[in-house]
Structures are given as structure tokens and as C-alpha cells.
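J.: only the shape, not the letters, is given here:
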């Protein structure tokens, strides 16, 4: 269970890092949406390994095929099936970890849960699974664009290096200008240097991805359990290595007084607006028309090029060490994944909101 | 939509703060569970308004009736329907807010979504809805107890007053010893004084509830979207006034190196254990047998006894001010709600995990 | 599990025949629907026991209360919770069947499934549960009426007495004119006499309820698994005592040739219509704008006033015989239940269809 | 929506008859199940076109690939993704029907629903979609076999030619001995001749597939809406061309008296059994351990080699006639599809039943 996400615009993903291939089925994409395959491809490029010196040098081709649900360039309303074949899945050597449990990986927990040890590069727990999310998310983004909604993420923290500016003070168009995907070029420089240094020390480090959705109409969100931010939170927490989620004022907001935190309401050019936006564009679990913004915390990647204590399947103490090429910091490549998941939530809730009134 | 939670152990809640009553249907509680009504009652007491000087002085009786699903003191496997009647729902006067949108409340967003203005004390967006969650959560807790699993929450921060000790350094049995539900009596004193002061200044303040689940067996959690922490996160974010969720190392973890953060594995008395627990008991979305712990951030309550700028339904600028008796800080009463939602997630995932292997 | 039905317009029912009460939660009724409580009451009267000499003489009051989701006479978009209290639940004596399994009842299967024996009048398997469906169905009917859709059922067969006329040849307005709910008064007379005779012989008999939905727009139904007729079929098969479902040409259609069975298409007054309607208004699982019609087969009621062979919990051979007042034939009272379930399916699919196109 | 089926053992299918390919994702297959690809292949052969003179002569290769979820010959618990490529999807000429609506096909209804006309051989409404169901059903069958449960279907009626024997009087092992899949060789002969004659007259005819599940343990089924037979009914009604479903005594049962129809209970060799089985192995929606049996009615195939009246997209009257090679009668090839869907329901409910008791 658990490999589907969404209610109306619903995706089901499948595939391991080292099986024949992976893919996604989108059920519920409305008919008539122009599908731009180049856009999907460009989104997948942003997630792809090997794109810069601060990401893993592993090569994955990530070429996808749309098998169904699109006819003459448009969605037909039937399920969109997409597959991404794993071109080099047989070439890897996993003998060094085949019977060992890598610390802070999912090796032990999958084994406990399923009684099966799929030691090939993490199997289903590998971040390779997110390629399918990005493909589906690209289609959700196209739908949102049709309704004037944009979703943009960027790196706001790496280790202790924290961007103190809010998203309003940044030019988010600059995000893709550098390899760490931080829209402040000065900070980006520092982050890149820092990640490179961490990589050379055979270690890894965590970071934060921030995200902003603009143009979201008021009225999206389904209280009480399916509040818009609750679903966004779940979506983000379902991404590999995520440890936390906050929106609007977030954890800092707990220190504030109600008199500071409340967003006064006024009218601007005939539209209902709030003067501040500590609410993060969501009140009572429903969008209010303001920008939605949130932060997602990623832990340091668990695969490090150092010896670590662990045990094997027989329970014997062993030493484990990462091999091959791994990301020293996951956040640059996580940016398109965060966007994809946010787009999927918004597309789904946009469709659901059509059923709210008579 | 959106008023149900869970897959197997699934609840559906209904009811507004000022309608005739509210309630919950639990579908999927396994048959044979002894149902202790006194325990349900005691859990609801913990959430009830008017329990101390730092909570709202509003009186709600919160007496529940189990209409179905229990026979001769045990669950029968059929839906457990519970209702909680609103005894004083007609007595309130809402004329002062009937056509106004209160800042940072859900008034405007519900109106946009549904085109209906239910001005009676917040309607469905009122925290009164959580009474039904606590009733259902009490039954989930009884089931967990049967399997040796406990869930305990406590207040770890109010405004800037932050408990620096980890849950391991605290005696959580002391949580219920004071009215703010902080297990450190010295800090509790400070928090109480602070909340009282905030209340006197006719303002409100936020805080953090921390929670620990002990005895959770390895193997709970359904990757990839329904990771255990993703569902816990959604559950917490679905509680009124919550702005953030983090588990294990959380947001602080982003600053760490992989070499620090990884939890080395060893055997202790024949059991697989981790030496540290930055993972928060969950790896790859699946429990590993260690303690699960997480933090939940609550914003300052939006209802304050001060004048605030807003507009009315006609779009005219108006002044809004809280009346009556409201919580100056929500976290003391949020403790049982956090526990209830965590218990519901764990009960559900425990049942799901029975289907993982042949 | 299994006590909820529908995706958007979704109901969850709870309650046993002899617990404190039963009820239903409707989540997803669009906001703004005028709720006519008198209409709900009149629908429940149609299902109520004791309404005529050919139904059980048992008295049930079936008075409902709407606890939530309705404000100032309109649905608010939040869950509509309804309860129906059991006024006489403690007065019955079940000692004669408490440890016996009644033939063709659910006694044995519930016991096997849940390990619990709730011997009070069938517990959750009692047809009393359908009172909650009729209450919810009345609200679905009001929504359908708003969109010009009607659902009407009638009795077309009792034992061997079969109405040979099609629904087009009948005046369905006459259905409620007689106590068996057959729109042909002559046949109705025969059916009533026959049921009465069966009753006097301390036996029971089966029958067929037919149903027609008019005004259903083209485009409702979600292939491939959630075809409109598949969901209607499931809805009907979920009613107590139902053994079969067929729509359009049904089982008779298997004997036809394609050249006879195909419904030629033409235009009538600018509207696409079919010349015949063997399809029953549904093609490829999607409504085509023609009348939808179907038949539902009900077995003879299992409770008979005669001695029957069975066993008790201990496995010993025993004799079981019905006591009290039971329906000799279920179809007259099943008419409103069939309508309610059909209305729930159509209301749900109408809302879903809003999400089909961009 | 609507392209997924099941709760725990849940499938999602995708693909059109003439897109690049189709497939299925199985989420929830328990880990540790040996996966026999040859068995899947043999099941797909039974459904394949071109297998005999009474089926369509169309060639489809139906070769599948398992992309994920299986490792070293066993299910891993993660989603099993399977694809079946359409090898000749570009070669067809659909100009003769591209803008016409074929009578009793889904052309018009899909167009109304989605606003898109995918004229390529029926698109998603084509029976080719059932290839994915058979592939998934084969895996469900392997799981059932592990628990001693078998599912076997056969043709019991073609046009007026009806097998009067019950399944107990037949040797179902003979089903695959002839091309019409009727276990009575004499009747099979007649059916084959009849279908051949119908084919020569450029027409089509309907039929009935009967199915028996043996070895199903007592306790499967989730009342009240998800009764076992309700879900079986939905599964069957979701198959192309199905018009009706009945189980146990079915439509004939309505003529019986309760005293005849009730299945007396006794013990046989220490096991609880019923003396008769008009209940069809299901009481109150829950299996009782007896054989489950049901009938599925299929209409005559809509594609006939004769001129028929219809209209085109512009609303003009046109003549439509089938081209190419189509089945004169669908039931021989429907046998494995009925089995597949039945197996999927039983596998799902078997897993769900693990959560019924504490």
C-alpha cells in the first residue's frame, strides 16, 4: 500500500532503482490539457543526477515514454501511463552491502516489514523513485499554468548557511542560474563551496528547500483532515530524507503574540487581501488567495564515504562504507521534487473544489 | 470531503461548534477490544475547556454517548458511532461578528469555498471539532496499549520559553502534574506565569507540543507516499492552529553532517538497536523499533481581546474584537489532541502492517 | 471497514438494530442545497415497518435528528450528521436465538469474521441499517431534483407474479397508490393477496424491484472499474437480501443478436438520442442521456415462522424458529431503499463529472 | 478517475487499444509470493484474440514485462508494475469511423464526457484493456492458490443455448478442452456451431459466464456496503459488455419460499456446513465457507459487419459498419477475465480480513 497520492488528480508510482524500470500512472488528469513533452523532459533534467559538480556523478538517462492517456497532443481524460526504463540496472555490484544494513538507510526497516532483502541500491526506498514524481508533477504544473498558478522552489539553507531574506526580497527567477538553486548569487557561491568541501571530506550535509505558490485562488483545501497545508505537509514529508515541514510563520510563529501574528484584512482594488501573510496563504486549511509558502527540511544524505558501525543479516557487527558516487547534499536536486509534489496537491485540490458548491 | 482519516482504522467526524452536536464514526476498529468508557471520559477531560486558569473559562460538557459498535463492553468490529451533544448551542450571541471576517480565522476562506457564512463561533473550523478526535483517539490508545504501545505528549515551548531538555532527560510522568502540561515543574511555573500575563494583556501566544511513542514495533509505515512520518505529519497539521511538524532531528538536523547524523546499528540483548536516534524511530518511512518522537508548532490563537482591522461581507472596513472567553495559549489543551491523532495513525498502520507479508 | 459509500458525495453509516441508535454522516454534499426535513421524513415513512398488513407489524419510530452540516435550512458543505435513536432497544428478548445460528442469516458469518456474537436481532446485518441509507438518499434526491434528475422504483415481481409491461408502458405515478408499490393496480391486487397468503402459511417469498432514473445527463460514469452501472450494481447488491442486478437488456439480452440489440443513434430536436434503449442509458460505463433502468432481485426473507435445522455455538444440532413480526416479502419496503442507493450513486457521479474536463 | 480497483491488493490499469502500450500497477501484493511468469503468460493466452475460429482473428502479441516489485522470483511487497506494449498500434486505418459514433459503443459517451474523440478502435473502452486485468489477476490467483483457494469460470449459455446442469453436475476440468470453454462437450459442440453460424451471418450474440470459487474461508466480506458479493458484482459489471450479475439462487431465487431457500446448518466432520447452498457461499455479505458461485451476463458484441444508422460529430445521419475482425461472441474469451476479477476481489478481501479481530 501507500504508493498512490491524491484523490481526483491521483498518481500511482512503481519501480525500484535497479529493476527494469519505473513509472507512474496519473488517473484523473482532466481531458483537453495540452501535454508538452519537452517541458516534462526539462523538469526531469533538473532532478537528474550528474548535472553539476555538487551532485552525484552517477549517470541516469531518465528518458520517459508516455504510453497512454494522450492523443494528438492532449490529455484524453483516461489514465496517463509513463515509464522510465533503467538502462544500466544490471551493471552494479552490491556485494559489499548485500547482507549488511546501512545506518540510517531503509535497509533494516524494509527487511523487517517485508521479510525480503532487496539490496540493489536501496530498491524502492531509493530517491530514484522521485523521477516518476517529477514526470507526473510536470503534468500537474501544466494544468496549474493553465489556471494562472505557479509553483517555485529554491534552496534557502545548506548546513548553517541560511538565506535570511524572505521570498519577497528575492528574485526567484535567478534560482536556476546557479547549480545549488539558491536565488541569491552571493549565498549560492558560499553554499556551493561549502558543499564541495563537505564532499571532499567524504561527508554529507542537510539543507532546506523553500517553496512559493502564486495565483492560487481562494477556496482550495478540504477541512478538517485534508486541510490544504496538511496535504502539502504530507506530500513533502513523503519525499526521501525530509525531516520537517512548516508553512507561513512556521516554527518561528510560536514565539509571536496573536496581535502580531493575525493578518489584518482589507480590500485592495476590490479584492480581499491580508496586510501581512503570516498565515502563509492558508486559513482554517483553505487557501485565501495570498501566496502560499513553506519550508522543507532535508537531513544529510545517509550514504557517506566513511566507515560506520552496523550489523549484517546474521546480526554480526560489521563495517559499512559508501561506494560509488552519491550526493553530498540533496537539496539542489530536491528543488524540482518539492515543486512537483506541491503542484500535484494543488492540481488535485483545484479539481476537488469544483464540487464544493451546488 | 476531507472529514475522514485513516485507511483501516478510519474515522469520520462531523459537527460544528454550535449545531446540535458533533460526533465521530470509527470504522475498522478490530473486534474484541475492551472499551473503557471511563478512559474515554478522562481523555476528554484533558481537552475540555475551563479546566484551569490558563485555558478558556468557557464551559462545555463534552459528554459522549456510544451509539453502536460496542456490545457487552467489547468492540464488535462494526462501526463505533459516538455523539457529543452541544448543550448550550443556542445561547450565544454572534451578532458582533455575524457579517465580519475575523483576521486569521477561517471565516473568509469558508465563505469563499462554500458561499455560505456560518458565523456561529467558527462553525466547523472551531477547535470544538477536536473533541470527536479525542474520543476516537482514546479508543485507538486502548488498542495500542493492548500491544504495548504508548503515546505521550507534553508542552515543550510557550512563546520564547523553551524546554532545552530532550524527552529522555525528562520524567514524562510529571506532565499531568501541572496545568500547562510541561514535565519540568520549574519551566512549567514560568510558562504558566507567562501565559497568564499574556492573557491579562488581552493577547495570545503560540507554543510547541512534543510527543513520544514507545513500544512501536519495527515495520510500520507504507512507502512511498504513506510513509509513517508523512501520515503523522498530516495528522498533526490537520489540528487547528498547527503551523509545522518535525520528527527526529527535524529542522536542526539540516545543520548536521551525515557522519554525525547517521544512527549506527548494533545488537543489544539480541535486539537490533541504533546507538543514537536522530532518525526519530523511522527510516525510509518505516518504524525501526526505536522511540518515535516529533514536535508540533502551534501559532498564537487568532481570537484576541483587541481591536483589529478587517472587512465585512459587503467589503467595508470594520473593526473586529474577540468577546467572551478564549484560550490565551492553545498548547496545554492541545496535548491530548496530539496524542489522539498519533494514536489513530499508529493503530491504523499497525493493522495495515498485517497485510505486508504472505 | 466497508461502511462508507461514494467518493465525493460519500456516506458512512453506523448502528445496529438494537443498540442505542444508528446514523449516517454525509461528507461532500455541496453547499447551498435547501434541506427539506419533511421530505426526508416522508422517505423514511416509506421504508418504515408496520406501514401495512403485508409488512412486518413491528413498530419503529425512525425519527431522525440532523446534528450538523445544515444552517438556516441549507447545506453548508460540511458533514451532515444524522442520528436515529432506537427507542425500544432494550425491550426485546433474544434468549431463544442467543447462541443459535439462524439459517441463511448472517449469524454464523459475523461470528466467524469477528469472533463476537451480537445476537440482538441481527445486529449490524439487520435491515434496520437501511434507515440511515434512506435518510442520506433523501438528501441525494433533493440534489438530483435540483438538476432535473428523478429516480423512481417499483415492485415488478413477487414470487412468480411478474409484471410483463416495461416501465414505459406503466404509469409510475401510481406506484405509491397501493401497499405493494406495484404501479399496475390489477397486478398489485394479486401480489398483495399472494403475500398475505404466504404470510399466513408462516413463510416468506422473494421479488424484484425495478428502477428508472430520468433526466440523467450524458457523461456520468468513470471507466474502467467505476463504470456507472458497476457502481449502481454494487449499491444494489449492498442492500440486504439482494441476489442479483441487471440493467438495460440484462440477462434476457444474452439471447439477442447484435443487430437487434444495438441502439441506433439519431437526432431528435437537435439532441442525440437512441432509437431503442437496450443499453439502459449507459454505454461503456457512461450515461448517454437516455433513461437508466435496472432490476434488483431479492431473495425470500430468511426469518420464517417454522422450525428449521441448525446448530448452536457449541456445534450441537438445534431447532430454530422465527418469533415476533417479520416481513413476509421484503420488496414493498425495499422500493425506497433502491431509490436511495441509486440517488446516492448518481449524486456522487454528477459531482465527479465536474472534474472530467479542463 | 475510476481506473483503480481494490483496497489492499489494489490495481491501477492504464492504456488504450491503440496507444503505445497498456499496463497495470499492483500495489499491496504481500511480500514473499513466488511469481511464476509462465503462469501469467498462459492466463494471457486464454484471453488473447485469434486463439480459435470463433474468436476474432485479430493478432495481438500481449507479451508483458514486469518492471518492478519482483526480485529473485518473489514479490517484494512494493508495487508490481507490468507493461504490455502495443506492437501494431500505428498500422490501423480508422478513417471510416473517425468522426462517427458507432451504435452501442462508448464513442458518443466518451466524447460527451471528455470532449475528446479518440477514435482509434475504442480507445480506453476497448476490451484490450482487460489484458492488464488478466495479468494482475494471474498474480492474485497465485496468492489464492497459496491459501488453497481456486477460481474457475466457464461458459454456461450462448444465445438460447443454455447449460441446464449446475456446476456440481459438471466436470469443470473439461472447460479448457474446447474452444468455447463449456465443460459439457455436447453442449460445447452446439455452441461452437451456433457462434460460427452467427459469425457467418455477420452478426454477434451474447452469453453467460458462470464462475465458482472453492476453498474460500469463512469470514471474507466487509459489510455493509462492501459485502463480498457486492464487490464481486461490481468487479464483474466493470468488464466490457456485462449487463447483469447474480449469485447463489440469483434471479430464480425470487420465486422461492423462505422455507425452501434457507440453507439449513449442520456439522460435517466437525465443520459447520450448510445442507443446501442457495446462499451461494455468502450470508450477510460474508463468506460462510461453502462454494461461492455466480453468473455474469454478456450482451452481444456491438461491432457487427452490417450497416447501422447513426450520426457523426456534426450530427448528420450516417451509416456505420464494422470492419476488420471482431468476436462474434465474447464469452469464450471472457472466461479468464471473469476469473481474474474474481481472484482480485478474493485476494483483496483475504488481506482485509486479517484486520478484523484484535
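T.: Arrived safely, thanks for sending. Not measured: the values here are computed from a predicted model. Numbering: from 1, shown residues only, chains lettered A, B, ... in the order given.
J.: the residue in the stretch 151-300 of chain A that chain B sits nearest to and residue A:70, how far apart?
T.: Closest to chain B within the stretch 151-300 of chain A is residue A:284: 2.3 Å, counting by C-beta to the nearest C-beta. Every C-beta, even on glycine, is put in place using the N, C-alpha and C of the backbone. Distance of residue A:284 to residue A:70, computed by C-beta to C-beta, to the nearest Å: 37 Å.
J.: looking at these two, which one has more neighbours?
T.: The residue with more neighbours, out of residue A:284 and residue A:70, is residue A:284; 27 against 24, by other C-beta atoms under 10 Å in any protein chain shown.
J.: and the nearest residue to the more buried one once chain neighbours are set aside, its phi and psi?
T.: Counting by C-beta to C-beta, 6 or more residues apart in numbering or on different chains, the nearest residue to residue A:284 once its immediate chain neighbours are dropped is residue B:106, at 2.3 Å. The phi/psi pair for residue B:106 (degrees, to the nearest 10) reads phi -90, psi 10.
J.: show me the contacts for residue B:106.
T.: A:223, A:283, A:284, A:285, A:286, B:122, B:125 (C-beta atoms under 8 Å, 6 or more residues apart in numbering or on different chains).
J.: quick revisit: for the residue of the stretch 151-300 of chain A closest to chain B, what are its contacts?
T.: A:221, A:223, A:227, B:105, B:106, B:109, B:110, B:125, B:240.
J.: rerun at 7 Å
T.: By C-beta atoms under 7 Å, 6 or more residues apart in numbering or on different chains, the contact list for residue A:284 reads A:223, B:105, B:106, B:109, B:110, B:125.
J.: cool, residue A:280 as well?
T.: If you count contacts by C-beta under 7 Å, 6+ apart, then residue A:280 has A:247, A:248, A:292, A:293, A:294 around it.
J.: grab the nearest non-local neighbour of the first one.
T.: In other words, residue A:247. residue A:294 (3.8 Å).
J.: what helix or strand is the one you found located in?
T.: strand A:292-298 (DSSP states H and E).
J.: please state the offset of that strand from the chain centre?
T.: Here the centre of strand A:292-298 is set off from its chain's centre by 10 Å, with C-alpha atoms, centre = their mean, to the nearest Å.
J.: state the mean pLDDT of stretch A:190-204.
T.: Averaging pLDDT along stretch A:190-204 gives 97.
J.: and for stretch A:339-347?
T.: 98.
J.: distance from it to the middle of the chain?
T.: Mean C-alpha position of stretch A:339-347 versus that of the full chain (C-alpha atoms, centre = their mean) differs by 9 Å.
J.: so residue A:131 lies in a strand, does it not?
T.: No: according to DSSP: H, G, I helix; E, B strand; the rest coil, residue A:131 belongs to no strand; its state is helix.
J.: next, count neighbours for it.
T.: 28.
J.: tell me how far it lies from residue D:14.
T.: For residue A:131 relative to residue D:14 (C-beta to C-beta), the value is 18 Å.
J.: equivalent analysis for residue A:281, please.
T.: Taking C-beta to C-beta, one finds residue A:281 at 34 Å from residue D:14.
J.: looking at those two, which is more packed in?
T.: Neighbour totals were compared for residue A:281 and residue D:14, and residue D:14 leads with 30 against 27 (other C-beta under 10 Å).
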